[in-house]
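In: One predicted model, sequence on top.
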Amino acid sequence: MIDPNVPRDRAAGSRGTFPPVVIVGPSGVGKGTVVARLVERFPVVWVSVSVTTRAPRPGDVNGVTYHFLTDAQFDALIAADGLLEWAEVFGLARYGTPLAPVMAKMGEGRAVVMELDVQGARLARARLPGTRVVFIAPPSLAELERRLRGRRTESEAQIERRLETARRELASQGEWDAVIVNDDVDDAVDELVKFIGLDVG
């Protein structure tokens, strides 16, 4: 449910612009599906593509799935202060959000959306004033587990690790500007539309 204490003019931003929006939530909650539906309905929405040092996997498209970088290229971005946020994940690869495209798209009046983890959301909000964060939550932890198992793409150990991470992420809900429960994708998209201010005409 959208936080009723957030005024509509804040949700829509000032002078007709949109605030940068970060979407967080556990793996398997359906963030990607919600964002894809949002983009289909509102072409003004621009979704940030992260950079990573991990190797491409089958089906990955450079510039669409991620921007795939070498360690040296990633180091250069850090040195140039070119990342809004970044982190090393499981000690295997680094991921980050390029700052320049975010600022450019905001300058064009686009509604900028970033899908980040909890740590990334905290860093982005600290560095980019006005950033608003919405947490996409499952109806229950049991439903989240059902969805994860239904994907049939991960081992039991991987599922347990994701569920443990999900418990920590769910505990962070009180930090964010709004929480949307993804019980129905269309309803979740409608709530996200209101949160960003896309329904203000």
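Out: Now that the structure is in, tell me what you want to look at.
In: pLDDT wise, what is the residue most central in space within the chain at?
Out: Residue closest to the average C-alpha location in the chain (C-alpha atoms, centre = their mean): residue 115, at 1.4 Å. You'll see residue 115 listed with a pLDDT of 97.
In: Identify the bridge partners of it.
Out: Beta-bridge pairing for residue 115 (DSSP bridges): residue 23.
In: which residue ranges form the helices in the protein?
Out: Secondary structure of the chain (DSSP state H): helices at 8-12, 31-41, 71-79, 99-107, 118-127, 141-151, 156-170, 185-196.
In: Determine the set of other helices and strands touching the last one.
Out: For helix 185-196, the elements it packs on are helix 8-12, strand 21-24, helix 31-41, strand 132-137, strand 178-181, judged by 3 or more C-beta pairs under 8 Å, 6 or more residues apart in numbering; DSSP states H and E. For glycine as for every other residue, the C-beta is placed from the backbone atoms N, C-alpha and C.
In: Same question for the third one.
Out: Using 3+ C-beta pairs under 8 Å, 6+ apart as the contact test, the elements touching helix 71-79 are strand 83-89, strand 93-98.
In: for the chain, what are the low-confidence residue spans?
Out: 1-16, 200-201 (pLDDT under 70).
In: rewinding a little: wait, what's in contact with the residue nearest to the centre of the chain?
Out: If a contact means C-beta atoms under 8 Å, 6 or more residues apart in numbering, then residue 115 has 22, 23, 24, 31, 32, 35, 47, 48 as its contacts.
In: coming back round to it: tell me which of the helices and strands packed on helix 185-196 is the most buried.
Out: Most buried of the helices and strands packed on helix 185-196, by mean neighbour count (mean count of other C-beta atoms under 10 Å): strand 21-24, with a mean of 26.
In: tell me which residues in stretch 112-125 are buried?
Out: 112-118, 120-125 (16 or more other C-beta atoms under 10 Å).
In: do you know which of the helices of the chain lies nearest residue 86?
Out: helix 71-79 (6.8 Å; C-beta to C-beta).
In: Could you export that closest one as PDB, CA atoms only?
Out: Output of helix 71-79 as PDB, limited to C-alpha atoms (Å, rounded to 0.1, in the frame of the first residue of the first chain):
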ATOM      1  CA  ASP A  71      38.000  -5.100 -13.600                       C
ATOM      2  CA  ALA A  72      40.200  -2.300 -15.000                       C
ATOM      3  CA  GLN A  73      37.200  -0.600 -16.600                       C
ATOM      4  CA  PHE A  74      35.200  -0.900 -13.300                       C
ATOM      5  CA  ASP A  75      38.200   0.500 -11.400                       C
ATOM      6  CA  ALA A  76      38.400   3.500 -13.800                       C
ATOM      7  CA  LEU A  77      34.700   4.300 -13.100                       C
ATOM      8  CA  ILE A  78      35.200   4.200  -9.400                       C
ATOM      9  CA  ALA A  79      38.300   6.500  -9.700                       C
END
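In: ok, and what's touching that helix?
Out: 51, 53, 69, 82, 83, 86, 94, 96, 98.
In: mind giving me CSV with those and columns for neighbour count and distance to residue 192?
Out: Listed next are these as CSV, based on neighbours: other C-beta atoms under 10 Å; distance: C-beta to C-beta, whole Å:
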residue, neighbour count, distance to residue 192
51, 20, 25
53, 21, 30
69, 19, 30
82, 16, 28
83, 21, 25
86, 21, 25
94, 20, 28
96, 24, 24
98, 19, 23
